[in-house]
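Visitor: Give me coordinates for this.
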Amino acid sequence: MAVSQLEPGAGAVAERPLHGSLVTSNLSVPLGTAGGPRGCENGALMGNFGMFIQGLLGVVAFSLLMLKRFREPKYERRPWKIWFLDTSKQAIGMLFIHFANVYLSDLTEEDPCSLYLINFLLDATLGMLLIYAGVRTVGVLVECQHWDSLRFGEYGDPLECSAWIGQC
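Guide: Numbers count the residues shown, from 1 in each chain. The predicted structure follows:
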């Protein structure tokens, strides 16, 4: 059994077990306050370690796309050019959202890592629902208007860069 008391000027709870030793705990300090635990400091997402982790995660994401491509049955595989055009659209979208989240997370005095995580989770849930609704709506509009170059994943024969740009 321990007796808790606030040490003067320490900002932490000191617990004195009955046998006399002193144990301190920061559990009573609210998150984000001076002296309290924080996820990371401002600028940490763009520091050396942050950039290393982001690069590593980018390589892992691209490697998983490659693995997925090689796991597809050969008769279903898209040609390399089509695969590259499809994945490049995904990469552009992911990079835009990622850097927007990094920028927005670093604007406040709060913990940027936690804010990035919140932004990412919102994007991965609500954002995906909005994108799904948008893609379905644009798909219906493209079919109604007979805009063949804007059909998702179709780039013409021969390949047309204007179709890729229009789909981005």
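Visitor: Next, name the residue at the spatial heart of this protein.
Guide: Taking CA atoms, centre = their mean, the centroid of the chain lies closest to residue 120, which sits 4.1 Å from it.
Visitor: hang on, residue 166 packs against residue 150?
Guide: Yes. Here residue 166 reaches residue 150: they are 5.0 Å apart, a contact under CB atoms under 8 Å. Heads up, the C-betas are built off the backbone N, CA and C, glycines and all.
Visitor: So which of these two has more stuff around it?
Guide: Set residue 166 next to residue 150 and count neighbours by other CB atoms under 10 Å: residue 150 wins out with 17 against 14.
Visitor: surely that one meets residue 164?
Guide: No. Assessed by CB under 8 Å, residue 150 is found out of contact with residue 164, at 10.4 Å.
Visitor: Next, the buried residues of the one helix or strand residue 133 maps to.
Guide: Using DSSP states H and E, residue 133 maps to helix 128-145. Within helix 128-145, the residues scored as buried using 16 or more other CB atoms under 10 Å are residue 142.
Visitor: list the buried ones in the very next helix or strand once past it?
Guide: Sequence-wise, the next helix or strand downstream of helix 128-145 (DSSP H and E) is helix 161-167. Across helix 161-167, burial judged by 16+ other CB under 10 Å covers 163, 164, 167.
Visitor: Could you list the low-confidence segments of this protein?
Guide: 1-38 (pLDDT under 70).
Visitor: ranges for the helices of it?
Guide: Taking DSSP state H, the helices of the chain run over residues 48-71, 80-105, 112-122, 128-145, 161-167.
Visitor: Kindly export the third one (C-alpha atoms) in CSV.
Guide: What that stands for is helix 112-122. What follows is helix 112-122 as a C-alpha-only set of coordinates in CSV (Å, rounded to 0.1, in the frame of the first residue of the first chain):
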residue,chain,number,x,y,z
PRO,A,112,2.6,16.8,-34.5
CYS,A,113,2.9,13.0,-34.5
SER,A,114,-0.5,12.6,-32.8
LEU,A,115,-2.1,15.1,-35.1
TYR,A,116,-0.6,13.3,-38.1
LEU,A,117,-2.1,10.0,-36.9
ILE,A,118,-5.5,11.6,-36.4
ASN,A,119,-5.3,13.1,-39.9
PHE,A,120,-4.2,9.8,-41.4
LEU,A,121,-7.0,7.9,-39.7
LEU,A,122,-9.6,10.4,-40.9
